[in-house]
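> have a look; sequence and predicted model below, questions after that.
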Amino acid sequence: MTIFDERRADLEKYEFMMGVERGRLAVALDLLTDSLILTGQHGVYCVSNRNPSQPRLDLQAVLSGINGAKELIQSVMANLEAIRREQETSSAKPPTSPQ
């Protein structure tokens, strides 16, 4: 079963609201957030021997990677939104006629 089958309802909802690209990115963010939560919960039980207030180094690396991926996806979504707004404003302007 692929992610498209597993998350069909979410994909359809977000793609309808945001368009295909941004909808899929939104679902990817949801998946990363779920993974981040599960990894964080695991980090509560797998603490560092050197610093008990921190998760183990391998979990810190995973958490850092997931957070980095989320930031990248969020920046792409912001860029897509800026492009969409720019296209809307440029198409809304009436053409100017030469005088």
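Thanks, I have the structure now.

> report all helices and strands that the lengthiest helix in the chain contacts.
Longest helix in the chain, counting residues (DSSP state H): helix 57-92. Under the contact criterion of 3 or more C-beta pairs under 8 Å, 6 or more residues apart in numbering; DSSP states H and E, helix 57-92 touches helix 20-45. Any C-beta I mention is one placed from the backbone N, CA and C, and that applies to glycine too.

> which helices and strands does the helix it packs on pack with?
helix 8-18, helix 57-92.

> where among the ones you listed is average confidence lowest?
Of all the helices and strands packed on helix 20-45, mean pLDDT reaches its minimum on helix 57-92 (a mean of 90).

> buried ones in that helix?
For helix 57-92, the buried set under the neighbour-count rule, 16 or more other C-beta atoms under 10 Å, comprises 59, 62, 63, 66, 69, 70, 73, 77.

> before we move on, the earlier item: mind putting the helices and strands packed on helix 20-45 in TSV, distance to residue 45 included?
Formatted as TSV, these follow (distance: least, C-beta to C-beta, whole Å):
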stretch	distance to residue 45
helix 8-18	29
helix 57-92	10
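
> re the thing from before, which among the buried residues of helix 57-92 gets closest to residue 51?
Using C-beta to C-beta, residue 59 comes nearest to residue 51 of the buried residues of helix 57-92, at 12.5 Å.

> so what's the residue lying closest to that closest one once chain neighbours are set aside up against?
Nearest residue to residue 59 in three dimensions, chain neighbours excluded: residue 43, at 4.7 Å (C-beta to C-beta, 6 or more residues apart in numbering). Residue 43 is in contact with 55, 56, 59, 63, counting by C-beta atoms under 8 Å, 6 or more residues apart in numbering.
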